[in-house]
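**Student:** here is my input, please return the structure:
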Amino acid sequence: MKKIISILLAVISLVGVVAFPAYANENADVEPCLNNGNNCLYCFKISSSGMLEVSVKYAGVYGAMTKITITTYIQKKTLGLFWTTVDIGTSNKKWIDTSTNVSGIITHQFQLKSTGTYRAVFKVVFSGTGGADDKIENKIEAKYS
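**Tutor:** Numbering: from 1, shown residues only. The predicted structure is shown next:
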């Protein structure tokens, strides 16, 4: 009888793991615990004419944040598998913005030359007196057809 109950419990446990897997919802609004920053809102859009626009709206912690560094670059999907960095006319193909303002918006535009799937990669670093630097990365995809 113990053997049957053990087998039955093992089967029930296995069914529970397969039928109800634990996962994180990638669309959930989960904010990391930050020392020097309050939040960042990201925007990446491509118009029908191929004008690309990226922006980051940020807010730091008053009295703690001393500087923000935002690095943004654009990648294009190649062969349906690989991401290659797009030449946006800057050295090292990146926009690097710094500010000591506690809040603000950083925006860049670029005219795309060809259709395809693109993504913007955002790397944000809040520096300040509130503890270790806050490092946040985000990627957003958009299509230009």
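**Student:** low-confidence stretches in the chain?
**Tutor:** Along the chain, the model assigns pLDDT under 70 to residues 2, 5-32.
**Student:** now the helices for it?
**Tutor:** 2-19 (DSSP state H).
**Student:** now the strands: where do they sit in it?
**Tutor:** 37-46, 51-60, 65-78, 82-85, 95-99, 103-111, 116-128, 134-144 (DSSP state E).
**Student:** who wins for proximity to Lys3 among the ones you listed?
**Tutor:** strand 134-144 (51.0 Å; Cβ to Cβ). Every residue, glycine included, has its C-beta placed from N, CA and C.
**Student:** OK, contacts around Glu68?
**Tutor:** In this structure residue 68 is Ile, not Glu. Residues near Ile68 by Cβ atoms under 8 Å, 6 or more residues apart in numbering: 37, 58, 60, 98-101, 124-127.
**Student:** adding distance to Met1, write the strands of the chain out as a markdown table.
**Tutor:** Listed next are the strands of the chain as a markdown table, based on distance: least, Cβ to Cβ, whole Å:
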| stretch | distance to Met1 |
| --- | --- |
| strand 37-46 | 58 |
| strand 51-60 | 63 |
| strand 65-78 | 58 |
| strand 82-85 | 58 |
| strand 95-99 | 69 |
| strand 103-111 | 67 |
| strand 116-128 | 58 |
| strand 134-144 | 55 |
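**Student:** dig out what the closest residue to Cys43 other than its chain neighbours forms beta bridges with.
**Tutor:** Spatial nearest neighbour of Cys43, excluding adjacent residues (Cβ to Cβ, 6 or more residues apart in numbering): Ser55 at 4.5 Å. With DSSP bridges applied, Ser55 shows beta-bridge pairing to Cys43, Thr107.
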